[in-house]
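A.B. asks: Next one to model:
(one chain, ligands or ions: 2)
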Amino acid sequence: MKTNSFARQVDYATALRLVRDRAARVMPPATRVPVARATGRVAAADIMARTCRPPADISAMDGYAFAHDAMVAHGRLPVAGRTVAGDAAISLAPGHARAILTGAHIPAGADCVMAAERMAVVDGTVAPTAPLPASGANIRRQGEEFASGTRLVAAGQRLDWRHVALLSSQGVGDVAVIRRPRVSVVSNGAELAADAPGACPDSNAPMLASMLTGIGARVTTHAAPTDNVARQAACLHAARRGADVMVTTGGISVGDTDHMLDILRDAGARVMFRGVAIRPGRPLTVLEHDGQTIFCLPGNPGAAAICALMFVWPYLRTIMGQDMPRPGVCATADFTADAPPGVTLFIPVSLHPGPQGWLCRRVPTVGASDIIAFSRADALLAVTQDSPIRAGQPAWGMPLRADM
Ligand SMILES: Nc1nc2c(c(=O)[nH]1)N[C@H]1C(S)=C(S)[C@@H](COP(=O)(O)OP(=O)(O)OC[C@H]3O[C@@H](n4cnc5c(N)ncnc54)[C@H](O)[C@@H]3O)O[C@H]1N2
Ligand code: MOO
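C.D. replies: Ligands and ions are numbered 1, 2, ... in the order given. Now for the predicted structure:
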């Protein structure tokens with residue numbers, strides 16, 4: 001048995017700090033993409049408004065624009081002309097009303113718009129059939145939404161349809177985004193060979209590819225379905241090329257066929273930490289090799305998932321400049337759980353609508369090898385000695401579902 005023990009394991013908070021500190025130093029460069037293809041990408045810089053919005057006073061209604069005083073004085077006004085959205089600004093003929101459509105520039109001299117269905121046109125004059133609104137009514141004022149120079153998007157914002165709308169409204173054609181981090185996922189172990197007597201399908205590589213693609217990484221998967229050191233090393237070296245981040249799964253504990261740590265160290269990688277006081281996931285080992293960060297996750301699928309969620313995920317978010325923490329979900333627990341001193345336990349829970357927000361229930365799990373528990377769970381709770389779970393008390397969890 002090798003001596004790659006976990007004697008110097010760190011606690012969860014320390015491990016996360018080391019990972020975040022490292023991430024803060026290795027942000028990938030920016031690149032430009034068309035706004036129409038920016039969904040899911042992360043803004044590399046603040047984006048400021050080029051113009052105010054609305055860019056001029058515009059009508060909020062289809063109706064008639066006029067001078068309020070004139071309508072009060074005469075009760076009806078002759079209609080002269082019509083302005084539609086997109087027309088140049090024009091002056092109101094004095095003592096007249098002008099037909100106007102929603103979004104059209106308010107003619108100079110008009111200070112009120114009344115909806116067409118609240119007025120009647122008789123013999124070329126228009127008169128209110130409902131109470132006259134106040135002066136200024138139904139006019140959207142220049143810059144009332146935002147001024148030119150307003151920050152529209154902050155650096156680190158993950159862009160979605162809301163920002164696509166905002167940037168497109170400003171005529172912005174393309175946008176600086178963080179290059180998607182390239183992540184190589186490597187699985188290993190003789191049991192992954194299809195012809196192995198006790199063959200085990202590789203579920204970790206597809207799981208990690210799915211999870212990490214979902215947060216914006218470009219993932220390639222590599223497999224070394226062998227326990228042979230040389231062949232595993234060749235696979236790791238091939239996977240390393242061009243990757244910002246490597247994520248291995250399996251072969252990181254203390255067994256005779258657990259070669260990941262030795263191979264990576266022999267290649268020149270430096271161990272940042274070896275082992276974390278979390279359950280499941282204790283064997284997690286993180287190394288750095290030049291600009292590359294290497295996460296060696298345990299092979300047990302549940303442990304691999306938790307290590308990826310709790311470490312690889314925040315690492316990728318940080319290198320993509322996303323400093324906003326992922327929103328958690330708060331739910332009232334219907335169970336009690338305690339953690340041993342110094343250890344952080346991760347407990348999958350299902351969420352159920354309760355009288356006041358969510359209720360959470362523990363999802364039964366057989367441990368780190370469990371793969372079905374996650375598909376039955378909606379969130380993951382972290383439990384420590386200082387923050388136990390108590391029935392009837394609120395608990396914060398990390399959502400697992402893509403739609404939360
Ligand atoms: N003497 C000790 N033994 C173990 C310790 C320890 O501290 N001392 N830690 C245990 C813990 S905790 C875990 S977790 C596992 C992690 O071991 P490895 O990371 O070396 O993983 P493997 O041994 O390669 O595989 C474990 C398990 O996972 C299955 N596996 C592996 N890769 C995949 C994959 N890509 N897809 C699906 N399933 C996979 C593999 O078949 C094994 O069943 O070590 C404990 N042992
Ligand atoms: O921590 Mo291991 O990840 O329990 O099975």
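
A.B. asks: neighbours around residue 133, how many?
C.D. replies: For residue 133, the count of nearby residues is 16 (other Cβ atoms under 10 Å). Glycine gets a C-beta too; all of them are placed from N, C-alpha and C.

A.B. asks: Just list the residues touching it, thanks.
C.D. replies: Applying Cβ atoms under 8 Å, 6 or more residues apart in numbering, we find residue 133 in contact with 112, 114.

A.B. asks: one more time with 10 Å, if that's ok
C.D. replies: By Cβ atoms under 10 Å, 6 or more residues apart in numbering, the contact set of residue 133 is 61, 68, 112-115, 118.

A.B. asks: Residue 321 is in contact with residue 46, correct?
C.D. replies: No: counting by Cβ atoms under 10 Å, residue 46 stays clear of residue 321, with 11.2 Å between them.

A.B. asks: can you pull out the strands in the stretch 151-300 of the chain?
C.D. replies: Under the criterion DSSP state E, counting those that start in this stretch, the stretch 151-300 of the chain contains strands at 151-153, 174-178, 182-188, 218-224, 245-249, 270-274, 278-279, 285-289, 292-297.

A.B. asks: which one of those strands is the most hemmed in?
C.D. replies: Stretch with highest mean neighbour count among the strands of the stretch 151-300 of the chain: strand 245-249 (a mean of 28; mean count of other Cβ atoms under 10 Å).

A.B. asks: Any chance of a PyMOL selection covering the buried ones in the contacts of residue 133?
C.D. replies: The PyMOL selection below is limited to those of these classed as buried (16 or more other Cβ atoms under 10 Å):
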select buried, resi 61+68+112+113+114+115
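
A.B. asks: Among the contacts of residue 133, which are located in strands?
C.D. replies: Those of the contacts of residue 133 mapping onto strands are 112-115, per DSSP state E.

A.B. asks: nearest to residue 207, of those residues?
C.D. replies: Nearest to residue 207 among those is residue 115, at 56.3 Å by Cβ to Cβ.

A.B. asks: Quickly note the distance from that closest one to residue 388.
C.D. replies: Noted for residue 115: a distance of 60 Å to residue 388, by Cβ to Cβ, to the nearest Å.

A.B. asks: Pick out the residue in the stretch 51-200 of the chain sitting closest to ligand 1.
C.D. replies: Going by Cβ to the nearest ligand atom, ligand 1 is nearest to residue 187 of the stretch 51-200 of the chain, at 3.6 Å.

A.B. asks: Mutual contacts of residue 46 and residue 321, please.
C.D. replies: With Cβ under 10 Å, 6+ apart as the test, residue 46 and residue 321 both reach 154-157.

A.B. asks: Pairing partners for the longest strand along the chain, with directions?
C.D. replies: Ranked by number of residues, the top strand in the chain under DSSP E is strand 344-354. Strand 344-354 sits in its sheet next to strand 278-279 (parallel), strand 357-362 (antiparallel), strand 379-383 (antiparallel), going by DSSP bridges.

A.B. asks: what about the shortest one, average pLDDT?
C.D. replies: What that stands for is strand 278-279. Taken as a whole, strand 278-279 has an average pLDDT of 98.

A.B. asks: Then the longest one?
C.D. replies: Averaged over strand 357-362, pLDDT sits at 96.

A.B. asks: just the last one next, same as before
C.D. replies: Summarised as a single mean, pLDDT over strand 379-383 is 97.

A.B. asks: so where do the helices sit in the stretch 301-404 of the chain?
C.D. replies: Secondary structure of the stretch 301-404 of the chain, counting by DSSP state H, counting those that start in this stretch: helices at 301-307, 313-319, 372-376.

A.B. asks: Show me what the second one is packed against.
C.D. replies: Meaning helix 313-319. helix 12-24, helix 204-214, strand 245-249, strand 292-297 (3 or more Cβ pairs under 10 Å, 6 or more residues apart in numbering; DSSP states H and E).

A.B. asks: check contacts around the residue of the stretch 51-200 of the chain closest to ligand 1.
C.D. replies: Residue 187 neighbours (Cβ under 10 Å, 6+ apart): 202-208, 221-225, 235, 247-251, 297, 299, 304.

A.B. asks: try residue 92
C.D. replies: 65-67, 70, 77, 80-81, 83, 98, 100, 106-111.

A.B. asks: again, only this time at 6 Å
C.D. replies: Going by Cβ atoms under 6 Å, 6 or more residues apart in numbering, residue 92 touches 98, 107, 109-110.

A.B. asks: In contact with the residue of the stretch 201-350 of the chain found nearest ligand 1, which residues?
C.D. replies: Residue nearest to ligand 1 within the stretch 201-350 of the chain (Cβ to the nearest ligand atom): residue 299, separated by 2.6 Å. Contacts for residue 299 (Cβ under 6 Å, 6+ apart) come out as 249-250.

A.B. asks: tell me which parts of the stretch 151-300 of the chain are close to ligand 1?
C.D. replies: Contacts of the stretch 151-300 of the chain with ligand 1, taken as Cβ under 6 Å from any ligand atom, map to 187, 189, 191-192, 200, 202-205, 249-255, 258, 280, 282-283, 298-300.

A.B. asks: Now list the buried members of those residues.
C.D. replies: Neighbour-count burial (16+ other Cβ under 10 Å) is assigned, among these, to 187, 189, 191-192, 202, 204-205, 249-253, 258, 280, 282-283, 298-300.
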